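In: Just to be clear, the model below is a prediction. Sequence and coordinates:
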Amino acid sequence: MDRRGLPASYGGTRFRSHLEARWAIFFDQLGIKWEYEPQGFQLGDINYLPDFVAFTAFGTLWVEVKPSWDADLSGVERWRAFAHSRPQPSRAALLIGAPSIEAEHIVIAGDDAANDPMRAGWEDGDQAWRPCIAGYHFDLAYGHESNYLTLQDGCPQHHGGDGNDRIDKAVEAALSHRFGKAA
């Protein structure tokens with residue numbers, strides 16, 4: 001039986017699915033602060049409720065979680081509408097499937113009027129969860145952005161942190177967690 005769509009409780013929060021709860025576990029393991037379904041938005045005639053807002057090294061990240069690209073096409077369309085009109089400054093991410101080193105994501109960032117390249121308007125599917133070079137803070141980023149991540153999060157610029165190991169352990173913790181029976 002596929003349990004991704006079944007409700008789950010974790011850390012005092014009741015999630016709509018095991019999949020969403022697994023992402024909460026992943027965020028907790030990396031020390032990423034998050035809120036579940038923090039607020040709804042009215043986008044013209046579209047109602048949208050993001051799954052998470054996460055407070056990552058690069059700033060506010062609105063997160064939508066889907067088990068696969070085609071699991072909820074109308075939900076992906078609502079996410080896209082929100083991503084292009086979300087509160088600024090922030091980014092939006094569509095996380096596909098359970099936490100994984102090889103997970104698929106789409107990240108939409110910034111607004112076109114911003115001068116900061118991390119905040120300028122763009123959409124990308126090639127980012128992955130990365131640590132700063134000191135291994136303390138995490139965000140969706142390109143591999144070469146570790147130095148920029150360190151400048152943003154205030155970490156010392158020394159190499160050798162255990163950030164990649166922490167990501168591996170966060171994935172393992174999220175995937176191995178056993179949820180109790182639904183009430």
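Out: Okay, I see it. Just so you know, these numbers come straight off a predicted model, no measurement behind them. Numbering: from 1, shown residues only.

In: Give the buried residues for the lengthiest helix in the chain.
Out: Using DSSP state H, we find that the single longest helix of the chain is helix 163-176. Buried positions in helix 163-176, judged by neighbour count with 16 or more other Cβ atoms under 10 Å: Gly163, Arg166, Ile167, Ala170, Val171, Ala173, Ala174. For the C-beta atoms, the positions are set from N, CA and C on the backbone; glycine is no exception.

In: and stretch 29-40, what's its mean pLDDT?
Out: The average pLDDT for stretch 29-40 rounds to 97.

In: Tell me the buried residues in it?
Out: Here stretch 29-40 shows Gln29, Leu30, Ile32, Trp34, Tyr36 as buried, counting by 16+ other Cβ under 10 Å.

In: who's in contact with that stretch?
Out: Here stretch 29-40 makes contact (Cβ atoms under 8 Å, 6 or more residues apart in numbering) with 13, 15, 20, 24, 27-28, 47-56, 63, 129, 136-138, 166-167, 169-170, 173-174.

In: Convert it to CSV, retaining C-alpha atoms only.
Out: What follows is stretch 29-40, C-alpha atoms only, in CSV (Å, rounded to 0.1, in the frame of the first residue of the first chain):
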residue,chain,number,x,y,z
GLN,A,29,17.7,17.0,10.9
LEU,A,30,19.4,19.9,9.0
GLY,A,31,18.3,22.5,11.5
ILE,A,32,16.2,24.3,8.9
LYS,A,33,13.3,26.1,10.6
TRP,A,34,9.9,25.5,9.0
GLU,A,35,6.2,26.1,9.3
TYR,A,36,3.6,23.7,7.9
GLU,A,37,0.8,25.2,5.9
PRO,A,38,1.5,28.7,7.3
GLN,A,39,-1.1,30.7,5.3
GLY,A,40,-3.3,30.6,2.3
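
In: Centre of the chain to it, how far?
Out: Offset of stretch 29-40 from its chain centre (Cα atoms, centre = their mean, to the nearest Å): 9 Å.

In: about what we covered before: from the contacts of stretch 29-40, which land in strands?
Out: Thr13, Phe15, Asn47, Tyr48, Phe52, Val53, Ala54, Phe55, Thr56, Val63, Trp129, Phe138 (DSSP state E).

In: among the residues you listed, who's most crowded?
Out: Sorting the ones in strands among the contacts of stretch 29-40 by how many neighbours each has (other Cβ atoms under 10 Å) puts Phe138 first, at 26 neighbours.

In: and that one, what does it touch?
Out: So Phe138 contacts Leu30, Gly31, Ile32, Thr56, Ala57, Trp129, Arg130, Pro131, Cys132, Gly163, Arg166, Ile167 (Cβ under 8 Å, 6+ apart).
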